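Student: Need a 3D model of the following:
(2 chains)
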Amino acid sequence: MSSQDVLTHTFSNGLTLAAEIRPAIRAAAFNLRMPTGSAGDPSGKEGLSNVLSDLCYRGAGDLDSRALSDALDAIGMQRSGGPNRIAFSFGGAVMSDHLERALDLTADIVLRPALDPKELEPVRSLALQELASLEDQPQRNVFIHLNRAYFTNEYGLSFLGTEESLQSLTAEDMAEAQKSRFKPTGAIMSVAGRFDWERLKDAVEARFGAWDGSAPDLPQPIRRADGCYVHIEQDTQQQHIGAVYAAAPLEHPDIYVSRMALGVLSGGMGARLFTEVREKRGLAYAVGASGGYLKGCGYAQAYAGTTPERAQETLDTLIAELKRLTEGVTEEELERARTGLLSSLVMGGESTGARAGAISTDLYYLGRVRSLEEKREQIEAVDPASIAEHLKEFPPENFTVAALGPRRLEMPE
Amino acid sequence: MEFMHTKLDNGLVVVGERNEAAQSMACGFFVKTGSRDETPEESGVSHFLEHMMFKGGRPGENIHQQFRSIGAWYNASTSSENTIFYGRVLPEFQLRFIAQLTNLLRPALRKEDFETEKKVVLEEIAMCADSPKATAIVKGLKAFANGHPSGNNVLGELESIEALERDQMAAYYERRYSPSNMLFALTGAFDWGGAVQQVEEATRGWPVFKVEREYPPHHCIHQTHIAQNDALSREHLRWYWRGPSCQDDKQRAAEVLSSVLGGAVGSRMYWNLVDSGLAKSASMGAYAADQYGFYSARAECSPNRAGEVVHKVQDIFRDAAENGVAHDEVDRSKQKIASSLVLRSETPMRRLTPLGIEWTYRKKYLDTDEAVNRLLSVTKEDVEALLAEDPFAKGTLVALGPLETLEI
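Tutor: Residues are numbered from 1 along each chain as shown, chains lettered A, B, ... in the order given. Sure thing, here's the model as predicted:
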């Protein structure tokens, strides 16, 4: 799985094809990722990307909604993708024999969706229901609120939209968004599994070669620097607590130093948060932290769910542990985080779907696919001193905290 | 792929599916025990015990740090009938990983750890209470079981966990954790000879005793159960009907039938309920258990459309029972299930549970190719033979949400 194994080709329209052959696997996973996302939804039209994604599957090319769905099912294609804030993807996984047919259908879905105005109403209804359903999912809802508090521009808006914004969407909005934003410049088609490279290249060119143009640039994320506390009052069994703070962006040369620091904090059971919050104090069942990445912007977010009586203690412990990172990590802790990260790099590459996603992520953020060797070297070079140095640049502080539940909490000093 | 199996003198079964091309190996213990094997007083003990295993056996040892020092990804899970301890590592760590897993199964069950972990389990119960999806499943399974132990709540009840004592857990462990009631499975790039010898030596001193499971008859009744909860904004509907068990060869046809009627996209439930936006989601599946099995369907919708959703679901099942299914629906469903079978078999970790469960309950080995071939051999007639038994005439409906009554 070195970079030599990833074959790439950029077509004249700016679309890059990147693929890794796995002859032992009988299937292939693919992902077409375009550099536009919900952060590009027009003002007052939040949720547009989410609705558009659904609508694209309701008829495309010569096929109406039912015929398209049957055609995807006839080749047993497992659909994947959808929009996030900075990317819009369409993809799936099929038995290798069906890969070209899957690309046919995907080209129709992306380039020639029917966007039938009749289909907009049911899709809108589903989007409104998804929004309403958030009330019944406090664990998910707290992160929508956290994100809204942390990012102060388009990036803080919920990709699910609001009732008002969803009601305002028109068929023209959909057609306009598809026409102006689904563009090949900077788009990436990644494939992993069993296929013939030359044939794949021709197949992608035949289907996407005549496509042209560039999507408008996405805005830069803007976030608050001072931290804050947001309370969402709801009658729940547990208090759901989320915290976010700035961390290194994925493009940072020391990204693995940052990820190792997160590994010490939350690299599986037995890492600091698990040990301090769950094992020693029994405060929570679910507790952890992970990295989040936008283009040129990195952050870390933590979560813990606990009963309201113990929520303040949980928040205090959580924040104290995040801050304690700057007091240093031991070589022992680091060694465990290192071994875990190295193992997951190898083992994570065993699934074609995960591999297609990882290739695409590397290309999008870095413009190239890193080899396993390169990542290994970077991970092995991390030591307690480099962590300490890195955390001077990205100290865990100025936390934005959202807590959903019956009890209002105090921000720890 | 190469399959191997053996039975140790203490009754522990070891099975393996070796894949030389894999970059990792996965393995784990499959203990044939779960909430269906609990008494009402010890409700939730199987799952709580699963947590306690990670507290270690020898003083001062830290199980998590041991696993993490070899880069293992590991976990455990408890269901109504299986408790599984498993994980994956790079092949060079096989010896240490197996040593750690066998050690894991000999816990000290210290009183102090028991009290701390009880709080964690109570948090897990509270977390589930905040998830209507999880709550509807617990209520649905219990109502459908109608007294059969397969409906026992895996997490237990708030009251049973609060009242549970350390010695009750120890007694349960001594009653269920005999090597003769376990299986050790391996997948991926492992060394078979080394693994068998190591497991044999490590488990040699484990007490062996007879472990039984009860199989009382299941009385399936027709019922609607309204679980009103004003704090919820949506109606969460769940249906349960009797289906093939995992000993029953009809389970493959049952999977195809479920996909035709209730696959997440492209099924009859999808076109009748979701496509129009009537329900946010609607789907069904077939769940085969030890001499017990059921179909389960679900839908989430606005409370004021719930009656309509229930009617449409009834119509879908009545129509299927009366008019059968079409060839092309069966073919599409088979394609979908076949590709998911292949994709699920990509990594040693994903192969482990199917291998372990298949051998525990059927004493059979099915490689992925064979599983796909058998699935593709299911015919429209096989599916209609299931419908001829009229499985959907009698079942349980649970409605969790703001509604006090359901107009049906």
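Student: Which residues lie in contact with B:F93 in this structure?
Tutor: Residues near B:F93 by Cβ atoms under 8 Å, 6 or more residues apart in numbering or on different chains: B:I70, B:G71, B:A72. (Glycine included, C-beta is placed from N, CA and C.)
Student: Is the residue in chain B that chain A sits nearest to in a helix, a strand, or coil?
Tutor: Closest to chain A within chain B is B:H64: 2.5 Å, counting by Cβ to the nearest Cβ. On the three-state scheme (DSSP: H, G, I helix; E, B strand; the rest coil), B:H64 is labelled helix.
Student: That one and B:T116, how far apart?
Tutor: Distance of B:H64 to B:T116, computed by Cβ to Cβ, to the nearest Å: 14 Å.
Student: between those two, which one's more packed in?
Tutor: Between B:H64 and B:T116, counted using other Cβ atoms under 10 Å in any protein chain shown, the more crowded position is B:H64 (20 against 16).
Student: list the contacts for the residue lying closest to B:S276 once chain neighbours are set aside?
Tutor: Excluding its sequence neighbours, the residue lying closest to B:S276 (Cβ to Cβ, 6 or more residues apart in numbering or on different chains) is A:P122, at 5.2 Å. Counting by Cβ under 8 Å, 6+ apart, A:P122 touches B:D275, B:S276, B:G277.
Student: And the pLDDT at the residue positioned nearest the centre of chain B?
Tutor: Centroid-nearest residue in chain B: B:S79, 5.4 Å away (criterion: Cα atoms, centre = their mean). Note on B:S79: pLDDT of 98.
Student: my guess is it meets B:V154, correct?
Tutor: Yes: the pair B:S79 / B:V154 is scored as a contact, 6.3 Å apart, by Cβ atoms under 8 Å.
Student: for stretch B:10-30, what is the average pLDDT?
Tutor: pLDDT averaged over stretch B:10-30 gives 96.
Student: what about stretch A:241-261 and chain B, any contact?
Tutor: No: using Cβ under 8 Å from any Cβ of the partner chain, stretch A:241-261 never reaches chain B; the gap is at least 12.5 Å.
Student: Show me what counts as buried in that stretch.
Tutor: By neighbour count on 16 or more other Cβ atoms under 10 Å in any protein chain shown, the buried set for stretch A:241-261 is A:241-250, A:252, A:254-261.
Student: start to end distance for it?
Tutor: End-to-end distance of stretch A:241-261 (Cα to Cα, to the nearest Å): 21 Å.
Student: residue ranges with poor pLDDT in chain A?
Tutor: Within chain A, the segments meeting pLDDT under 70 span A:1-4.
Student: cutoff 80 now
Tutor: Across chain A, the ranges flagged by pLDDT under 80 are A:1-4, A:413.
Student: just the stretch 1-150 of chain B next, same as before
Tutor: Using pLDDT under 80, the stretch 1-150 of chain B has no residue that qualifies.
Student: Looks like A:F182 contacts A:M34 (just checking).
Tutor: Yes: at 5.9 Å, A:F182 counts as touching A:M34 under the criterion of Cβ under 8 Å.
Student: got any residues that touch both of those two?
Tutor: A:F88, A:V110, A:A215.
Student: Quickly note the distance from the residue of chain B closest to chain A to B:K119.
Tutor: Taking Cβ to Cβ, one finds B:H64 at 18 Å from B:K119.
Student: follow-up on the earlier one: out of the contacts of B:F93, who's near chain A?
Tutor: Residues of the contacts of B:F93 in contact with chain A (Cβ under 8 Å from any Cβ): B:I70, B:G71, B:A72.
Student: Run through the residues that contact the first one.
Tutor: Right, the one you point to is B:I70. A:T339, A:S343, B:V89, B:F93, B:R96, B:F97, B:Q100 are the contacts of B:I70 under Cβ under 8 Å, 6+ apart.
Student: Including distance to B:F209 and secondary structure, could these go into a markdown table?
Tutor: Shown next, in a markdown table, are the contacts of B:I70 (distance: Cβ to Cβ, whole Å; DSSP: H, G, I helix; E, B strand; the rest coil):
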| residue | distance to B:F209 | secondary structure |
| --- | --- | --- |
| A:T339 | 38 | helix |
| A:S343 | 37 | helix |
| B:V89 | 31 | strand |
| B:F93 | 32 | helix |
| B:R96 | 29 | helix |
| B:F97 | 27 | helix |
| B:Q100 | 25 | helix |
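Student: Just give me the closest of these to B:I337.
Tutor: Minimum distance to B:I337 across the contacts of B:I70 is 30.4 Å, recorded for B:V89 (Cβ to Cβ).
Student: Give the burial count for the closest one, as a bare number.
Tutor: A total of 27 residues lie near B:V89 under the criterion other Cβ under 10 Å.
Student: among the shared contacts of A:F182 and A:M34, who's most crowded?
Tutor: A:F88 (26 neighbours).
Student: Bridge partners for it, pull those for me.
Tutor: According to DSSP bridges, the residues that bridge with A:F88 are A:M34, A:P83.
Student: From A:A127, how far out is the residue of chain A found nearest chain B?
Tutor: Closest to chain B within chain A is A:G270: 2.5 Å, counting by Cβ to the nearest Cβ. Distance of A:G270 to A:A127, given as Cβ to Cβ: 41 Å.
Student: if we can go back for a sec, if you look at the ones next to chain A among the contacts of B:F93, which of them are in helices?
Tutor: Judged by DSSP state H, helices contain none of the ones next to chain A among the contacts of B:F93.
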